[in-house]
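Visitor: give me a model of this one.
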Amino acid sequence: MVEQFVGKWTLTSSENFDDYMKAIGVSFATRQMGNMAKPDLLISVDDGVISMKSESTFKTTEIKFKLNEEFEETTADGRKTKTIVTLDNGKLVQLQSWDGKKTTLEREIQGGKLTAKCVMDDVVAVRTYEKAA
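Guide: Numbering: from 1, shown residues only. Model prediction:
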């Protein structure tokens, strides 16, 4: 099921992302960069290990993980989280926990596009990616 996510995806739209970054505690300066960045998302699978790499002119981050196994992640904004990724009804659901807080990133493929729904409490951001040729 993860295979449908494999490939290179380019960010084409981002809704409410600044409010989401505010909700998770990202500083103003970092949010400015985050809002300007148009990252490419590279997803691959090698022997059961999933790699998700986000590349932009500002920063490149990569996480490698196995489904349903908790791991430590340092996020692009510097948070150190305990993260677990599950596959739920065709969605890749990433749950990050840190300092008593939790946020969820739900990625799914709809109509050939990858959407990433970022949820923190009642704040929801949606980022849409299109597959690069």
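Visitor: isn't I43 right up against Q4?
Guide: No: contact criterion Cβ atoms under 8 Å: I43 and Q4 do not qualify, at 9.7 Å. Heads up, the C-betas are built off the backbone N, CA and C, glycines and all.
Visitor: so which of those two has more stuff around it?
Guide: Using other Cβ atoms under 10 Å, the more surrounded residue of I43 and Q4 is I43, with 21 against 12.
Visitor: apart from its chain neighbours, what residue comes closest to the more buried one?
Guide: With Cβ to Cβ, 6 or more residues apart in numbering as the measure, F5 is the residue that lies nearest to I43, at 4.8 Å, once sequence neighbours are left out.
Visitor: count the neighbours of the closest residue to G48 other than its chain neighbours for me.
Guide: With Cβ to Cβ, 6+ apart as the measure, K66 is the residue that lies nearest to G48, at 5.8 Å, once sequence neighbours are left out. With neighbours defined by other Cβ under 10 Å, the count for K66 comes to 13.
Visitor: ok, now which ones touch the residue nearest to I43?
Guide: With contacts defined as Cβ atoms under 8 Å, 6 or more residues apart in numbering, F5 is in contact with 43, 92, 107, 109, 114.
Visitor: buried residues, the lowest-mean-pLDDT helix or strand in the chain. List them.
Guide: Evaluated with mean pLDDT, DSSP states H and E, the helix-and-strand set of the chain has its lowest mean pLDDT in helix 28-36, which scores a mean of 94. Taking 16 or more other Cβ atoms under 10 Å as the neighbour-count basis, helix 28-36 is seen to contain the buried residues 30-31, 33-34.
Visitor: helices or strands next to that helix in the packing?
Guide: helix 17-24 (3 or more Cβ pairs under 8 Å, 6 or more residues apart in numbering; DSSP states H and E).
Visitor: identify the residue nearest the geometric centre of this structure.
Guide: L105 (5.8 Å; Cα atoms, centre = their mean).
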